[in-house]
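Student: Got a sequence here, can you build the structure:
(2 chains)
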Amino acid sequence: MSALRELQTHFAAAVFFAESATEKLLTHCDDSRGLARRGIEAYRSSVLANLAGAVQATYPVVEAIVGKAFLAAAVRRYVETSPSLCGDLNAYGGDFDAFLATYEAAASLPYLPAVARLEWQVQQVYAAADAPPQQLSRLASTAPEDWGGLRFDLDPAHAVLAADWPLARLWEVNQPGYEGDFTVDFDQAQTVLIQRQPQGIAVTALAAGDEVLLKALAAGKTLADAVDEAAASADFDLSASLQVHIASGLLRRAF
Amino acid sequence: MSNVMPTPLAKPASPATLPVKAGLGLRAPHLKQVREQQPDVAWFEVHSENYFVSGGPALAALEEIRERYPLSLHGVGMSLGGADDLDPDHLHRLKTLADRIEPAMVSEHLCWSAIGGRWLNDLLPLPYTKEALHRVCAHVQQVQETLGRRILVENVSSYLRFLPEDMPEWAFVAEVAKRTGCGLLLDVNNIHVSACNHGFDAEEFLAGIPFGSVEEIHLAGYEEADGLLVDTHSRPVYPEVWELYDRALQRFGSVPTLIEWDQDIPTFEVLQGEAAKAQSYLDAREARHVRIA
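Tutor: Predicted coordinates for the structure are as follows:
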């Protein structure tokens, strides 16, 4: 192993695994001023604080539910056990939901991992590519009886997330400034549509038929094939679906 | 060639170089205010990685800033001094961003941030050895070749000094510039922090850096804990650092100077006050220069 690699390996071990590795790192350090241990400690707290800060900033709804101190304790444990794999700190924390699912202190909040998954998806949607301007002239110029042959491009800045919990409702009541009824029916499973819109991120509940329709359209299927798949759901209403998703900008282009 | 029509610049409002003036590090809490009020600031610098996105409001905001102000992209995650290879994806994202934004400057740190594929996401100090020098230079060249432009590299602050070393930090920094053709971003606060932590003379650092190689200066505030200075970017610039800045200007001439503030971020007006102070040093240096001439 090169001397540089050995030093950096010992350094990382001292930061993440503490005492025994610290002794090894000290053999590489000038300690003539008696500050080397203090220096290692400064790096340890700086590295762990950077990682923790990134995760904490990604999960404001989890924080609203469990409180700042509880989240900080969970994140502290997470950063010790989950390596960062990217030089962009914004990419760190994507599996925090999986960590929460195994985090004993959160066992009484079984919906918390789903909320974390939602927040990670929100961050991805926020950073997704910009869509070209909406272009639906093909829809307008096609007779409604021939719409079945059309396909649609969807806005890249969207995601669909299925959960066993009322995610849209949990999102809504935990937004800053939300005033109103805080009742949440935890027996209600919700699939949510996450969209980046000019006024910000929108999280809405998606009916089962609608979910199937969007999934089929996103996969490049024709409207006729997508409707065939969605029609199995009792709640499916094609004209309502198209109206909503055209108005929200999710359906960008008909072709 | 006078009959050749000049090619219109894609982004005409922003010159290709940073002005020799005091600028500000632009962070998320001030983005809205800057877009709405368009304050009088000579130039801005942002952290490249915060814009490693495919689209959305953050990138749109940066493009808007770029149309109105000279802009510098300052990377914090390339790990130029890592024993690991550079992450090709990270490099690709930086190139995509630089191609899109066409910044006046691109800079990175003389440090390492990852080992064995695990990232510490921090600016970690190097041993000043021939091996590390060779490694850093290869990586700087790789970045410059990929981007198709020169970059600046910045000296970091450090809380540890590694032994054995083959040269002092300033010789290492100077050698990177000499071997790769890159420019130097001298962080005067980092020199002061490291000098205090390791007991060297900051003047000796300045004296070891060749004239003409410094193209930008950074200033920030630090904190002290248990005898160690920690580069927190959480305070105003300290008087000792202003003095060192003045001496750096005397040695290297006037260069674009940036105020950085990353923790306990104050109001934008406080940052503007710090930039005005840096500007007064630049102005005073120019006045002296004119008198001598």
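
Student: which residues does the residue of the stretch 151-293 of chain B found nearest chain A contact?
Tutor: Distance from chain A to each residue of the stretch 151-293 of chain B (Cβ to the nearest Cβ) is smallest for B:Tyr159, at 3.6 Å. C-beta coordinates here come from the backbone N, C-alpha and C atoms, glycine included. Each residue near B:Tyr159 by Cβ atoms under 8 Å, 6 or more residues apart in numbering or on different chains is listed here: A:35, A:38-40, A:42-43, B:125, B:197, B:228, B:230.

Student: let's see it at 7 Å
Tutor: A:39, A:42-43, B:197, B:228, B:230 (Cβ atoms under 7 Å, 6 or more residues apart in numbering or on different chains).

Student: Just the ones of the residues you listed in helices?
Tutor: A:39, A:42-43, B:197 (DSSP state H).

Student: quick one on the thing from earlier: can you check what pLDDT the model gives the residue of the stretch 151-293 of chain B closest to chain A?
Tutor: Confidence at B:Tyr159, expressed as pLDDT, is 97.

Student: sec struct for it, please.
Tutor: Judged by DSSP: H, G, I helix; E, B strand; the rest coil, the three-state class of B:Tyr159 is coil.

Student: Look at B:Glu131 and say how many residues are nearby.
Tutor: Counted with other Cβ atoms under 10 Å in any protein chain shown, the neighbours of B:Glu131 add up to 16.

Student: And it, what's its pLDDT?
Tutor: Per-residue confidence (pLDDT) for B:Glu131: 98.

Student: thought it was touching A:Leu4?
Tutor: Yes. At 5.2 Å, B:Glu131 counts as touching A:Leu4 under the criterion of Cβ atoms under 7 Å.

Student: The residue in chain B positioned nearest to chain A and A:Asn90: what is the separation?
Tutor: Shortest chain B-to-chain A distance, computed as Cβ to the nearest Cβ: residue-wise this is B:Gly77, at 3.1 Å. Here the distance between B:Gly77 and A:Asn90 works out to 10 Å (Cβ to Cβ, to the nearest Å).

Student: again with B:Asn121
Tutor: Remark: distance between B:Asn121 and A:Asn90 (Cβ to Cβ) = 10 Å.

Student: Could you do A:Val173 as well?
Tutor: Taking Cβ to Cβ as the criterion, A:Val173 is separated from A:Asn90 by 27 Å.

Student: hang on, the earlier thing: of B:Gly77 and A:Asn90, who's got more company?
Tutor: Set side by side, B:Gly77 and A:Asn90 give different neighbour counts by other Cβ under 10 Å, the larger being at B:Gly77 (26 against 18).

Student: quick one, phi/psi of the closest residue to the more buried one other than its chain neighbours?
Tutor: Excluding its sequence neighbours, the residue lying closest to B:Gly77 (Cβ to Cβ, 6 or more residues apart in numbering or on different chains) is A:Gly87, at 3.1 Å. Summarising the backbone geometry of A:Gly87 under the convention degrees, to the nearest 10, its torsions are phi -70, psi -10.

Student: I figured A:Arg33 was touching B:Gly227, is that so?
Tutor: No. With contacts counted by Cβ under 7 Å, A:Arg33 stays clear of B:Gly227, the gap being 8.3 Å.

Student: Look at the residue nearest to B:Gly77 and say how many residues are nearby.
Tutor: Residue neighbour count, defined by other Cβ under 10 Å, stands at 27 for A:Gly87.

Student: now swap in the one 4 residues further on and tell me
Tutor: Number of residues near A:Ala91 (other Cβ under 10 Å) recorded here: 20.

Student: Repeat that for A:Val62.
Tutor: Residues lying near A:Val62 (other Cβ under 10 Å) number 27.

Student: Just list the residues touching it, thanks.
Tutor: A:71, A:112, A:115-116, A:119.

Student: Among these, which one sits closest to B:His218?
Tutor: B:His218 has its nearest neighbour among those in A:Leu71, at 32.9 Å by Cβ to Cβ.

Student: And the closest one, how far from chain B?
Tutor: A:Leu71 sits at a distance of 19 Å from chain B (criterion: Cβ to the nearest Cβ, to the nearest Å).

Student: What segments of the stretch 51-200 of chain A are strands?
Tutor: A:152-154, A:158-162, A:191-197, A:200-206 (DSSP state E, counting those that start in this stretch).

Student: would you list the ones you listed in JSON lines and tack on mean neighbour count, distance to chain B and mean pLDDT?
Tutor: Listed next are the strands of the stretch 51-200 of chain A as JSON lines, based on neighbours: other Cβ atoms under 10 Å in any protein chain shown; distance: least, Cβ to the nearest Cβ, whole Å; pLDDT from 0 to 100:
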{"stretch": "strand A:152-154", "mean neighbour count": "20", "distance to chain B": "14", "mean pLDDT": "97"}
{"stretch": "strand A:158-162", "mean neighbour count": "18", "distance to chain B": "12", "mean pLDDT": "97"}
{"stretch": "strand A:191-197", "mean neighbour count": "21", "distance to chain B": "6", "mean pLDDT": "97"}
{"stretch": "strand A:200-206", "mean neighbour count": "17", "distance to chain B": "9", "mean pLDDT": "96"}
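
Student: quick one: contacts for A:Phe11?
Tutor: Taking Cβ under 7 Å, 6+ apart as the definition of contact, the neighbours of A:Phe11 are A:25, B:124.

Student: Which strand or helix spans B:Lys32?
Tutor: Assigned by DSSP states H and E, B:Lys32 falls within helix B:28-37.

Student: For the stretch 101-250 of chain B, which residues are neighbours of chain A?
Tutor: When proximity is defined by Cβ under 7 Å from any Cβ of the partner chain, the stretch 101-250 of chain B lies next to chain A at B:112-122, B:124, B:127, B:129, B:131-132, B:135, B:159-163, B:197, B:199, B:226-228, B:230.

Student: Look up how far chain B lies from the spatially closest residue to A:Lys221 that is not a sequence neighbour.
Tutor: In this structure, A:Lys221 finds its nearest non-sequential neighbour in A:Arg151, 7.2 Å apart by Cβ to Cβ, 6+ apart. A:Arg151 sits 23 Å away from chain B, taking Cβ to the nearest Cβ as the criterion.

Student: Same question for A:Ser241.
Tutor: 25 Å.

Student: so where does that residue fall, helix or strand?
Tutor: helix A:238-247.

Student: where along chain B do the helices fall?
Tutor: Taking DSSP H as the test, the helices found in chain B are B:28-37, B:57-68, B:88-101, B:130-147, B:169-180, B:188-198, B:202-207, B:239-252, B:268-292.

Student: and those, which is most packed in?
Tutor: Taking mean count of other Cβ atoms under 10 Å in any protein chain shown as the contact definition, the stretch among those with the greatest mean neighbour count is helix B:188-198, which reaches a mean of 24.

Student: elements contacting that one?
Tutor: Taking 3 or more Cβ pairs under 7 Å, 6 or more residues apart in numbering or on different chains; DSSP states H and E as contact, the helices and strands that helix B:188-198 lies on are helix B:202-207, strand B:214-219, strand B:228-230, helix B:239-252.

Student: Now mean pLDDT and distance to A:His28 too, for the ones you listed, in JSON lines please.
Tutor: Below are the helices and strands packed on helix B:188-198 laid out as JSON lines (pLDDT from 0 to 100; distance: least, Cβ to Cβ, whole Å):
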{"stretch": "helix B:202-207", "mean pLDDT": "98", "distance to A:His28": "22"}
{"stretch": "strand B:214-219", "mean pLDDT": "98", "distance to A:His28": "27"}
{"stretch": "strand B:228-230", "mean pLDDT": "95", "distance to A:His28": "18"}
{"stretch": "helix B:239-252", "mean pLDDT": "97", "distance to A:His28": "29"}
